[in-house]
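Asks: next comes the sequence, and after it the predicted model I'd like to discuss.
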Amino acid sequence: MTMDDLDQLVARAQQDFAAAPTPAELENAKARFLGKTGRVTELLKALAALPVDEKKSRGALINRAKERVEAALHERRQAMARAELDAQLRAEALDVTLPGRRCGEGGLHPVSMTIARIEAIFASIGFDVADGPEIETDWMNFTALNSPQNHPARSMQDTFYVDLKDDEGRWLNLRTHTSPMQVRYARAHAARYAGQPSMPDIRVIAPGRTYRVDSDATHSPMFHQCEGLWIGENVSFKDLKAVFTDFCRQFFESDDLELRFRPSFFPFTEPSAEIDIAFASGPLKGRWLEVAGSGQVHPNVVRNFGLDPERHIGFAFGMGPDRLAMLRYGIDDLRLFFDGDLRFLSQFR
Ligand code: DAH
């Protein structure tokens with residue numbers, strides 16, 4: 001093999017290395033020249049058969065050629081590594097001009113906003129705000145409110161019964177209304193002032209979740225109610241009308257509405273009335289809309305408060321914050337409140 005042949009061998013190796021598209025193929029090309037049976041290795045092996053002085057001079061030439069092949073390999077490896085790094089840097093490049101990722105902004109649920117509004121208005125006219133259990137005894141939910149066991153009026157409020165009794169052996173169910181809060185709050189109040197010559201009026205609202213076996217566009221198995229109770233020594237239907245009118249005008253931010261008390265029946269009030277309102281203007285103009293049940297608290301219920309019905313008298317009312325929110329925001333399907341669809345909910349932020 002002449003020097004030209006060696007030059008050609010080196011040129012061939014440089015070409016092959018340059019043409020290898022991947023590191024793996026570059027290693028294959030390297031093996032073809034520098035591997036155990038590679039062309040350069042074979043040339044070096046063949047030296048063994050030559051006489052000593054020829055071995056020296058040829059050996060030096062082949063070694064120079066080998067160094068050039070190795071240099072070409074090294075250069076190609078480095079070029080590949082650089083190209084890979086460049087590609088990685090390009091792929092992972094940050095575009096600092098892109099808009100940032102926003103973290104989601106929460107907001108209050110429209111029913112929560114409505115309940116907060118109801119609380120603020122009643123607090124401003126001297127009502128306390130109370131909270132109570134959603135799993136309630138049969139006695140608090142029905143019996144204490146003048147619906148004896150097996151009374152047909154109970155079937156107006158079918159609920160979810162829990163196969164459990166409380167510590168005193170009383171059956172539990174999910175409360176069908178917030179009215180048991182009348183009993184809980186009034187009993188605690190009466191007990192606090194027992195034996196004293198006089199007792200401050202009971203004036204409270206109790207908003208919260210309630211449950212019934214009901215489900216359609218205007219009924220959900222879980223819904224909200226807000227109870228109201230005012231008991232004193234001289235509280236009348238006139239006070240109920242004044243308080244509730246004031247509340248509605250503040251709630252709907254309009255003095256342009258009328259209230260109507262329509263005779264009705266509830267076991268725990270006598271007499272009882274449904275409260276309807278009608279707006280004098282706006283999209284609901286002239287239509288009577290039912291917003292609450294109400295009445296003078298029945299003497300049997302006052303007795304269950306631990307008070308004397310000959311001395312303590314007053315009224316109660318119960319309204320639906322879900323319904324009030326629907327009227328205030330013009331929503332016609334109650335289920336929207338409970339589907340958890342952000343396209344709906346984010347409109348109230
Ligand atoms: N608890 C009744 C219901 O769920 C609503 C109600 C009516 C509450 C009259 C009252 C009331 O306090 O006086 O249908």
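Replies: Good, I have the coordinates.

Asks: C-alpha from now on. contacts and neighbour counts both.
Replies: Will do.

Asks: enumerate the residues of this structure near the ligand.
Replies: Residues of the chain lying close to the ligand (Cα under 6 Å from any ligand atom) are 177, 179, 227, 266, 269, 293-295, 316-318.

Asks: among these, who's most crowded?
Replies: Across the residues of the chain next to the ligand, the neighbour count under other Cα atoms under 10 Å reaches its highest value at Ser294, namely 29 neighbours.

Asks: pretty sure it is touching Phe317, no?
Replies: Yes. Counting by Cα atoms under 8 Å, Ser294 does reach Phe317; the two are 4.0 Å apart.

Asks: nearest residue to the residue of the stretch 101-250 of the chain found nearest the ligand other than its sequence neighbours?
Replies: Proximity of the stretch 101-250 of the chain to the ligand (Cα to the nearest ligand atom) peaks at His177, 4.6 Å away. Counting by Cα to Cα, 6 or more residues apart in numbering, Thr210 is the residue found nearest to His177 once chain neighbours are left out, at 5.4 Å.

Asks: look up how far Ile125 lies from Glu168.
Replies: 37 Å (Cα to Cα, to the nearest Å).

Asks: between those two, who's got more neighbours?
Replies: A count of neighbours by other Cα under 10 Å puts Ile125 above the other of Glu168 and Ile125, at 12 against 7.

Asks: what residues sit buried inside the helix or strand containing Cys248?
Replies: Using DSSP states H and E, Cys248 falls within helix 237-251. Buried residues in helix 237-251, counting neighbours by 16 or more other Cα atoms under 10 Å, are found at 240, 244-245, 247-248, 251.

Asks: elements contacting the helix or strand bottoming out on mean pLDDT in the chain?
Replies: The weakest-scoring helix or strand in the chain, judged by mean pLDDT, DSSP states H and E, is strand 161-165 (a mean of 82). Helices and strands touching strand 161-165, by 3 or more Cα pairs under 8 Å, 6 or more residues apart in numbering; DSSP states H and E, are strand 171-174.

Asks: so what strands line up beside the strand it packs on?
Replies: According to DSSP bridges, strand 171-174 forms sheet pairs with strand 135-137 (antiparallel), strand 161-165 (antiparallel).

Asks: circling back to that earlier point, quickly find the element holding the residue nearest to His177.
Replies: According to DSSP H and E, Thr210 maps onto strand 202-211.

Asks: what is the mean pLDDT for that strand?
Replies: The average pLDDT within strand 202-211 is 97.

Asks: ok, now stretch 23-33?
Replies: Mean pLDDT, computed over stretch 23-33, is 94.

Asks: what comes up buried for it?
Replies: Buried-residue list, stretch 23-33, by 16+ other Cα under 10 Å: 26-33.

Asks: from Val297, how far out is the closest residue to Arg209 other than its chain neighbours?
Replies: Excluding its sequence neighbours, the residue lying closest to Arg209 (Cα to Cα, 6+ apart) is His224, at 4.5 Å. Here His224 is placed at a distance of 22 Å from Val297 (Cα to Cα).

Asks: who has more neighbours out of those two?
Replies: Val297 (27 against 22).

Asks: and the residue lying closest to the more buried one once chain neighbours are set aside, bridged to which residues?
Replies: Spatially, and ignoring its direct neighbours in sequence, Val297 is nearest to Thr269 (4.4 Å; Cα to Cα, 6+ apart). Counting by DSSP bridges, Thr269 is bridged to Phe266, Val297.

Asks: do Glu227 as well
Replies: Ala206, Gly318.

Asks: show me the contacts for it.
Replies: Going by Cα atoms under 8 Å, 6 or more residues apart in numbering, Glu227 touches 178-179, 181-182, 205-207, 316-319.

Asks: below-threshold pLDDT in the protein: ranges please.
Replies: Scanning the chain for pLDDT under 70 picks out the ranges 1.

Asks: any idea how it splits into domains?
Replies: The chain breaks down by automatic domain parsing into domains covering 3-91, 110-348.

Asks: okay, how far is it across the shortest one, tip to tip?
Replies: The reference is to domain 3-91. 46 Å.

Asks: picking up where we left off before, out of the buried residues of helix 237-251, which is nearest to Ile121?
Replies: Ile121 has its nearest neighbour among the buried residues of helix 237-251 in Phe247, at 6.6 Å by Cα to Cα.

Asks: I figured that closest one hits Phe122, correct?
Replies: Yes. Counting by Cα under 8 Å, Phe122 is a contact partner of Phe247 at 7.2 Å.

Asks: ends of stretch 43-61, what's the gap?
Replies: Note: stretch 43-61 ends 11 Å apart using Cα to Cα.

Asks: which outside residues touch it?
Replies: Outside stretch 43-61, the residues within contact range by Cα under 8 Å, 6+ apart are 3, 62.

Asks: and that stretch, which residues are buried?
Replies: Buried, per 16+ other Cα under 10 Å, within stretch 43-61: 43, 47, 55, 58-59.

Asks: make JSON lines out of those residues and add distance to Asp5 and secondary structure.
Replies: Formatted as JSON lines, these follow (distance: Cα to Cα, whole Å; DSSP: H, G, I helix; E, B strand; the rest coil):
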{"residue": "Leu43", "distance to Asp5": "11", "secondary structure": "helix"}
{"residue": "Leu47", "distance to Asp5": "16", "secondary structure": "helix"}
{"residue": "Lys55", "distance to Asp5": "17", "secondary structure": "helix"}
{"residue": "Arg58", "distance to Asp5": "12", "secondary structure": "helix"}
{"residue": "Gly59", "distance to Asp5": "14", "secondary structure": "helix"}
